[in-house]
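S.K.: need coordinates for the following:
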Amino acid sequence: MPGPSVSANVLFKTALQGAAIKELLDGVGAIISITADFSEQMSRVQAVSQTAGDELVKLSKRARELGASTRFTATEAGKGMEELARLGFDVQEIYSSIEDTLNLAASSAIGLGDAARITAGSINSFKLEASDATRIVDLLATVAANSGTNVLALGESIQEGGAIANTAGVSVEEFAGFVGVLADSMILGTKAGTGWRQFLIQLLAPTDKAKAALKTLQVREDQVKVASQGLLPVLQMLREAVANMSSNRE
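M.R.: Residues are numbered from 1 along each chain as shown. Below you'll find the model as predicted:
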């Protein structure tokens, strides 16, 4: 009788050891897989950004730091870096803006690709620096929270009208704020951006039709130069001119 009992005990211990070893091996395998995924992702960052050596080490370290301090993994942070690199950001610009890009994705519940596109697109359209990423992210979040639009739609508006707005002398804050106002009237996304672009083009280089309209309103071309007059004063002046014309007709 003692024999079988001892054998059962030995088998039980062996089974426990086997389970522990399997769990250990599974854990090691997972770590190897995560490490391999991260290395593969950073290789893509290297290929797209054309970086190597110390600069790649710098980005890799940054990705690991963000993997530990944000809801995203280091590999996902690397994916965000890749997206920024595809949009023309250099190593220092990627390093400066990646955390804000991740924050935008997390706070707005959008994908990293969208967050990178919107952040980089806003910076490029308004000729800002990568260090302005926090300013952009905070602005978009504020406008989205206080109007009928969202970050994705704001990104579409900036893509359509941001560059011409900057040329006209309109700041990113002014542009986003007025897009938010349009959103409350259900004019969103590309429609809002296209509308602003067409309006600002007419102010920058009025067509014959636009010149005739200004003449009818008794407004000079130099009075609608946003860069020198400011966007809000120009809009208020045009509104008053239209109101005066309507009153005179009555």
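S.K.: quick one, strands of the protein?
M.R.: Assigned strands in the chain: none (criterion: DSSP state E).
S.K.: any low-confidence regions in it?
M.R.: Applying pLDDT under 70 to the chain flags residues 1-36, 246-250.
S.K.: could you rerun that using 50?
M.R.: 1, 22, 24-25, 27-34 (pLDDT under 50).
S.K.: which stretches of it form helices?
M.R.: For the chain, helices defined by DSSP state H occupy the ranges 2-49, 53-69, 74-86, 91-108, 112-125, 133-145, 151-168, 172-183, 189-204, 208-216, 226-229, 231-249.
S.K.: point out the most buried one among those.
M.R.: A comparison of the helices of the chain by mean neighbour count, using mean count of other C-beta atoms under 10 Å, puts helix 74-86 on top with a mean of 24. (Each C-beta comes from the backbone N, C-alpha and C, glycine too.)
S.K.: got the contact list for the closest residue to Ser97 other than its chain neighbours?
M.R.: Distances taken as C-beta to C-beta, 6 or more residues apart in numbering place Ala133 nearest to Ser97, at 3.7 Å, with adjacent residues excluded. Contacts were defined as C-beta atoms under 8 Å, 6 or more residues apart in numbering; by that measure Ala133 touches 96-97, 99-101, 119, 123.
S.K.: roughly how far does the nearest residue to Thr194 once chain neighbours are set aside sit from Leu154?
M.R.: Spatially, and ignoring its direct neighbours in sequence, Thr194 is nearest to Glu160 (5.0 Å; C-beta to C-beta, 6+ apart). From Glu160 across to Leu154, the span is 11 Å (C-beta to C-beta, to the nearest Å).
S.K.: ok, now Val219?
M.R.: 30 Å.
S.K.: next one: Arg71
M.R.: For Arg71 relative to Leu154 (C-beta to C-beta), the value is 22 Å.
S.K.: what's the answer for Gly121, then?
M.R.: Relative to Leu154, Gly121 is positioned 10 Å away (C-beta to C-beta).
S.K.: and for Gln41?
M.R.: 28 Å.
S.K.: check Asp222 too.
M.R.: 32 Å.
S.K.: check contacts around the closest residue to Asn150 other than its chain neighbours.
M.R.: Closest residue in space to Asn150, ignoring its immediate chain neighbours: Ala144 at 5.1 Å, by C-beta to C-beta, 6+ apart. Taking C-beta under 8 Å, 6+ apart, we find Ala144 in contact with 108, 150-151, 154, 180.
S.K.: is it true that Lys58 touches Ser96?
M.R.: No. Counting by C-beta atoms under 8 Å, Lys58 does not reach Ser96; the two are 11.6 Å apart.
S.K.: what's the burial count for Asp184?
M.R.: 12 (other C-beta atoms under 10 Å).
S.K.: so what does it have for phi and psi?
M.R.: phi -70, psi -20 (degrees, to the nearest 10).
S.K.: burial measure for the nearest residue to it once chain neighbours are set aside, as a count.
M.R.: Once flanking residues are discounted, Asp184 sits nearest to Gly148: 4.8 Å by C-beta to C-beta, 6+ apart. Applying other C-beta under 10 Å, we find 15 residues neighbouring Gly148.
S.K.: start at 141, not 1
M.R.: Yes, from this point I'll number from 141; that puts the last item at Gly288.
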